[in-house]
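**Student:** Predicted model follows, preceded by the sequence.
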Amino acid sequence: MALMETTRQEFETLGLKESPLHILDLPYDLVHVVFLLCWDQEDERLRHFPIVASHVCRLWRQYALENPNFWASLTFQTPFPEIDKYTIWLARSKDVPFDLHVGWQPFQRSSIKHAKEIMRLIIPHTQRMRSIWVERVPSKIRRLIFDRLDKVNCMSLVTLRVEKELYMFSTLDQAPWRFRPFAKGGAPRLKEVILQRIPNDYFIHQFKDLHLLDIADRTLFTTSARHNAETVQKILSVLSKLQTLRINREVITTGDATPEPTDMRLFQSTLPPIIHHSLRELSLLATQRDANAIVSSLILPSLRHLRRDVDYGLAIGARCLAMLAQPVLHHPFPNLLNLRLAGGHNPDNPVDPVHYSQLAFLERALASLPRLEVLNLEQLDFENNKHIACMARSCPRLKELVFFCCSGLTLVELRSVLRRRGEASDLDPLRIQRLVEQAKEQEGEGSVEFYTEILKGMAGRIVLVGKEYM
């Protein structure tokens, strides 16, 4: 407001009339920034902003048409491919890299004809394709697309995403065909490969500089946790520069009948872990046995995140604690930011977690995780506060602590841990949340015992204490 008053006084001093500023008076650079803020390819409401802006006025149309990035995304998701429209868009995009998304919608009827029209449009511009997403098209269409790209050098290609055909297309073409894109051409800059129910062996051995590999395939893993750990080891052994590995086995089986060792160090003695220096994220949608075996078979100095999917951390069994309780210099995951440690429940009484002797290694395991920020503890028995006190000093960067269906801990001891962390000057503040107020209090000797109930088959969450309890 002070600035506006000063400007008004200057106008009056000079004897000039104040003229209102119009949006068309903005410099081009500022308009360009505004346009970019209003445009989001991932948001259905904002992805069409360039078209809308180009119909506002002559000046905005000029600005929109002069920005080649606005026209560098070609999406074929309508029953009839918009060839004329995207011919214009390719011309407007000039020489900037563009993204290609081919959905299944154009191939419900004249599938071959539409596929040929799309490829005739694309082939002259393959040198600047930045990404290709072929989404659930019939197998014969996928074959046609990648046969046309077989001898092409896609010099700008960074991301390749291919998803298997929809069920309604699965019987249209059963002819055998090996999916080997760019076998006679090349994609030297390819860094990200996302495959859904598509064979992956060719990509792993053909493109060894990948940074991201995302595989969803029910046939990748077997019922043997050891075999699955070996599969992950083979992938990482070939892809030395990989930074993100995501594996979704899609169908979660019960696994084999081989007893799982109570101490995963025994497993390591039969399958020695390998070291991979680049991996920063490991995401596994698999069984608990698979997760324990895979994690125990790897040493990942750069690992930041262990995930089950985008929203949830990967649960590591308490039987892995001895393996995690290594000195910092020899710890398998010294830079880990989140840890979800899971025990189990008593089959006769789901409320009661199983007792694990491995919790004796909890203190040493946490002491070896100096960068840990989030710690989830699930279905663990803390043996009457025996393993709680170590949390008062370990993990100096810890910001969030969650207990889920745990037993053997008291509110008094939790308060003491929080107080001691709050008083320490070298520890980050610990964010405490009450996620579900479903805990019951059981009085006894001046402390309050925490436990949970199973309601309608759902485990109740018990957390924590808020600041009002400190």
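**Tutor:** All right, it came through fine.
**Student:** okay, CA-based contacts and neighbour counts for the rest of this
**Tutor:** Will do.
**Student:** Can you show me the strands along the stretch 51-200 of the chain?
**Tutor:** Counting by DSSP state E, counting those that start in this stretch, the stretch 51-200 of the chain has these strands, from start to end: 73-76, 98-102, 129-135, 159-163, 192-196.
**Student:** Would you format the ones you listed as JSON lines with mean pLDDT and distance to Cys320 included?
**Tutor:** Output for the strands of the stretch 51-200 of the chain, formatted as JSON lines (pLDDT from 0 to 100; distance: least, Cα to Cα, whole Å):
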{"stretch": "strand 73-76", "mean pLDDT": "91", "distance to Cys320": "46"}
{"stretch": "strand 98-102", "mean pLDDT": "94", "distance to Cys320": "42"}
{"stretch": "strand 129-135", "mean pLDDT": "95", "distance to Cys320": "38"}
{"stretch": "strand 159-163", "mean pLDDT": "95", "distance to Cys320": "34"}
{"stretch": "strand 192-196", "mean pLDDT": "94", "distance to Cys320": "30"}
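**Student:** out of those, which comes closest to Thr231?
**Tutor:** With Cα to Cα as the criterion, Thr231 lies closest to strand 192-196 of these, at 16.3 Å.
**Student:** Contacts made by the closest one with the rest, please.
**Tutor:** By Cα atoms under 8 Å, 6 or more residues apart in numbering, the surrounding residues in contact with strand 192-196 are 158-164, 203, 210-217.
**Student:** And for stretch 113-124?
**Tutor:** Contacts of stretch 113-124 (Cα under 8 Å, 6+ apart): 80-81, 83, 87, 106-107, 141, 144-145, 148-149.
**Student:** still on that earlier bit, same list, the strands of the stretch 51-200 of the chain, but as CSV with mean neighbour count please.
**Tutor:** Listed next are these as CSV, based on neighbours: other Cα atoms under 10 Å:
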stretch, mean neighbour count
strand 73-76, 19
strand 98-102, 20
strand 129-135, 20
strand 159-163, 18
strand 192-196, 20
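**Student:** can I get those in TSV with distance to Ala392?
**Tutor:** TSV is the format used below for the strands of the stretch 51-200 of the chain (distance: least, Cα to Cα, whole Å):
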stretch	distance to Ala392
strand 73-76	52
strand 98-102	50
strand 129-135	48
strand 159-163	45
strand 192-196	41
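**Student:** So which residues of the stretch 301-450 of the chain form strands?
**Tutor:** So, for the stretch 301-450 of the chain - with DSSP E, counting those that start in this stretch - the strands run 305-307, 315-317, 338-342, 345-346, 349-353, 374-378, 400-404, 440-444, 447-451.
**Student:** Show the secondary-structure elements that the third one is packed against.
**Tutor:** Right, strand 338-342. Packing partners of strand 338-342 (3 or more Cα pairs under 8 Å, 6 or more residues apart in numbering; DSSP states H and E): strand 305-307, strand 315-317, strand 374-378.
**Student:** Quick one: closest of those to Met323.
**Tutor:** strand 315-317 (10.8 Å).
**Student:** who touches the closest one?
**Tutor:** Under Cα under 8 Å, 6+ apart, the answer for strand 315-317 is 288, 291-292, 295, 308, 339-343.
**Student:** try stretch 211-223
**Tutor:** 191-198, 200, 227-228, 231, 241-251, 253-256.
**Student:** For Val96, the count of nearby residues, please.
**Tutor:** Val96 is flanked by 15 other residues according to other Cα atoms under 10 Å.
**Student:** any idea how far it is from Asn67?
**Tutor:** 10 Å (Cα to Cα, to the nearest Å).
**Student:** Ok, Asn338 next?
**Tutor:** For Asn338 relative to Asn67 (Cα to Cα), the value is 41 Å.
**Student:** Tell me which of those two has more neighbours.
**Tutor:** Remark: of Asn338 and Asn67, Asn338 carries more neighbours, 21 against 16, as counted by other Cα under 10 Å.
**Student:** For Leu306, see how far away the residue nearest to that one when sequence neighbours are not counted is.
**Tutor:** Closest residue to Asn338 apart from its sequence neighbours, by Cα to Cα, 6 or more residues apart in numbering: Val374 at 4.7 Å. Plainly put, Val374 is 11 Å away from Leu306 if you go by Cα to Cα.
**Student:** Overlap in contacts, the two.
**Tutor:** 338-339.
**Student:** These two - which one has more neighbours?
**Tutor:** Higher neighbour count among Val374 and Leu306: Leu306, with 23 against 20, using other Cα under 10 Å.
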